[in-house]
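Trainee: output the structure for:
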Amino acid sequence: MDNIKIGNLIAQLRQERGLTQQDIANALSISNKTISKWECGLGAPNISLWADLSTILGADVVDLMEGEMTLNEPDGGNINKIRFYVCPTCHNVLVSTGSASIFCCGRKLTQLEVVEDEHAPNIKTEVVDIDYFITIDHEMTRNHHILFAAYVKGDKYFLNRLYPEQDPTVRMPYMANGQLYLYCIQHGLTKYSI
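Mentor: Presented below is the predicted three-dimensional model:
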């Protein structure tokens, strides 16, 4: 741990939030001189204070301890580079359009990769009214089901969450030449052009 880098980052984040050293000291129940000491690189927070300090400053604990914020490249606006994440604990589905540090249930999530799998479900697509009606040939048991279906086209994406025992069908707005993503909790993410 580099105390000078940590101190500079604490000072930068504090100023960005419009906080004084006294504001942070009051929130942490410590002296404002302690905050000044950190910002001058003459010490670092006690291990018991890192979580609260990261909440106050709106930064990741690991980034604070390293004294550096990892900045993402600006999002180029290409929705076709969409990234999906699924929490292995609670099955929360998260989406980003650029690189991101995504956490859920205390774990850092990794981007789902499209898999080429012989278990990829067959799909049947029909145009009904102004929608796609998509039927997925897949079991929907508690231990083996499709968690979500997402349709990506142009500057939009549509996500349907599916649940065990539910009929494996979804309706998506009709927009030709898009990409359909399906995520099976056992076999992973598959991609179809429709």
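Trainee: quick one, helices of the protein?
Mentor: Under the criterion DSSP state H, the chain contains helices at 3-16, 21-28, 32-39, 50-57, 61-66.
Trainee: would a markdown table of the ones you listed with mean pLDDT be doable?
Mentor: Listed next are these as a markdown table, based on pLDDT from 0 to 100:
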| stretch | mean pLDDT |
| --- | --- |
| helix 3-16 | 94 |
| helix 21-28 | 95 |
| helix 32-39 | 95 |
| helix 50-57 | 93 |
| helix 61-66 | 88 |
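Trainee: can I get those helices in JSON lines with distance to F133 and mean neighbour count?
Mentor: Backbone N, C-alpha and C define where each C-beta goes, glycine included. Formatted as JSON lines, the helices of the chain follow (distance: least, Cβ to Cβ, whole Å; neighbours: other Cβ atoms under 10 Å):
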{"stretch": "helix 3-16", "distance to F133": "48", "mean neighbour count": "17"}
{"stretch": "helix 21-28", "distance to F133": "53", "mean neighbour count": "16"}
{"stretch": "helix 32-39", "distance to F133": "59", "mean neighbour count": "18"}
{"stretch": "helix 50-57", "distance to F133": "45", "mean neighbour count": "16"}
{"stretch": "helix 61-66", "distance to F133": "45", "mean neighbour count": "16"}
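Trainee: who wins for proximity to P168 among those?
Mentor: With Cβ to Cβ as the measure, helix 61-66 is the member of the helices of the chain nearest P168 (39.2 Å).
Trainee: please enumerate residues in contact with the closest one?
Mentor: For helix 61-66, contacts defined as Cβ atoms under 8 Å, 6 or more residues apart in numbering pick out M1, K5, I6, L9, I10, W50, A51, L53, S54, L57, M69, T70.
Trainee: closest to D131 out of these?
Mentor: T70 (40.5 Å).
Trainee: and that closest one, its phi and psi?
Mentor: phi -90, psi 110 (degrees, to the nearest 10).
Trainee: thinking again about what came up before, with distance to G98 as extra columns, can I get the helices of the chain in CSV?
Mentor: Shown next, in CSV, are these (distance: least, Cβ to Cβ, whole Å):
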stretch, distance to G98
helix 3-16, 21
helix 21-28, 31
helix 32-39, 31
helix 50-57, 22
helix 61-66, 18
